[in-house]
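Asker: sequence and predicted structure are below.
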Amino acid sequence: MTAESPVSLLIVDDHPVVRDGLRGMFDSAAGFTVLGEAASGVEAVARAAALDPDVILMDLRMPGGSGVDAIRELTRRGARAKVLVLTTYDTDSDTLPAIEAGATGYLLKDAPRDELFTAVRAAAEGRTVLSPAVASRLVQAVRTPRRPDAEPLSAREREVLALVAKGTSNREIARELFISEATVKTHLTHLYAKLGVNDRAAAVAVGYDRGILGRPPQDVAGRSGPN
């Protein structure tokens, strides 16, 4: 890339609506050209090799190959492209692996349009770009290293976990906390990542093990947890 040439992009996200929105945004702005799209980490690696973009906008959690795995593979191959993570997730379990794998920058999807444009240009030049929230997390991680499983749950995530431990369904949790079911699912995704689990029963077990849920009920032995 030269000062006169546009920044070429590969957009990687498993949601077609997100890809379409990003493509439309960059196609309508001067100084950018979208070379292609990919819906998974595996596809991203193949498309990057074929298209040789300046910057790859990379989502993290995708079926068929995660963004972190793709970043690792691109780094291993010595790809020229700079990877700018663009995701909704800002937990330590997402940010640290992505940066360690070789990502040049990390932005959240609520970033303003102009901030995203500036970040892409900076990434193309090899400069590190981090959203304020992610930068704070990285600084904290460097200053006070913690076990990967030690990231605390937010107050809302604790409320959701406590209700899950009672066997409450997502719909009932949403009604109890006056939030949408989609928001409940988002909280569950975040607390699963922080606890290092993949389902409700395991989350409850770890919650009791770490004392997040207090003392387990007397009849907890032999129970498999909530459905």
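Answerer: The structure has been received and is ready for your questions.
Asker: only C-alpha atoms from now on, for both contacts and neighbour counts.
Answerer: Fine.
Asker: do you know how far the residue nearest the centre of the chain is from Asp27?
Answerer: Central residue of the chain (Cα atoms, centre = their mean): Tyr89, 3.4 Å from the mean position. Distance from Tyr89 to Asp27, counting by Cα to Cα, to the nearest Å: 26 Å.
Asker: same deal with Glu115?
Answerer: The spacing between Glu115 and Asp27, counted by Cα to Cα, is 16 Å.
Asker: one more: Thr186?
Answerer: Thr186 is 30 Å from Asp27, by Cα to Cα.
Asker: Ala49: neighbouring residues, count only.
Answerer: For Ala49, the neighbour count with other Cα atoms under 10 Å is 15.
Asker: kindly apply the preceding question to Val83 instead.
Answerer: Neighbours of Val83 (other Cα under 10 Å): 31.
Asker: and it, which helix or strand is it part of?
Answerer: Secondary structure assignment for Val83, by DSSP states H and E: strand 82-87.
Asker: list the contacts of that strand.
Answerer: Applying Cα atoms under 8 Å, 6 or more residues apart in numbering, the contact partners of strand 82-87 are 54-60, 71, 98, 102-109, 120, 123-124, 126, 129.
Asker: take those residues and keep only those in strands.
Answerer: Val55, Ile56, Leu57, Met58, Gly105, Tyr106, Leu107, Leu108, Val129 (DSSP state E).
Asker: nearest to Tyr192 among these?
Answerer: For the ones in strands among the contacts of strand 82-87, the closest approach to Tyr192 (Cα to Cα) belongs to Leu108, at 19.4 Å.
Asker: so what's that closest one bridging to?
Answerer: Thr87 (DSSP bridges).
Asker: and it, how many neighbours?
Answerer: For Leu108, using other Cα under 10 Å, the count is 19.
Asker: so it touches Thr91, yeah?
Answerer: No. Using Cα atoms under 8 Å, Leu108 is not in contact with Thr91; the gap is 11.1 Å.
Asker: distance of Trp34 from Gly65?
Answerer: Trp isn't right for residue 34; it's Val. According to Cα to Cα, Val34 stands 22 Å off from Gly65.
Asker: any weak-confidence spans in the chain?
Answerer: Scanning the chain for pLDDT under 70 picks out the ranges 1-4, 92, 137, 139-150, 215-227.
Asker: and if we set it to 80?
Answerer: Scanning the chain with the threshold set as pLDDT under 80 gives 1-4, 90-94, 96, 133-151, 210, 214-227.
Asker: packing partners for the longest helix seen in it?
Answerer: Across the chain, the longest stretch assigned as helix under DSSP state H is helix 181-195. Where contact means 3 or more Cα pairs under 8 Å, 6 or more residues apart in numbering; DSSP states H and E, helix 181-195 is packed against helix 92-101, helix 155-165, helix 170-177, helix 200-209.
Asker: and the ones you listed as CSV, adding mean neighbour count?
Answerer: As requested, these are exported to CSV (neighbours: other Cα atoms under 10 Å):
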stretch, mean neighbour count
helix 92-101, 19
helix 155-165, 18
helix 170-177, 15
helix 200-209, 19
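Asker: perfect, I'm done here.
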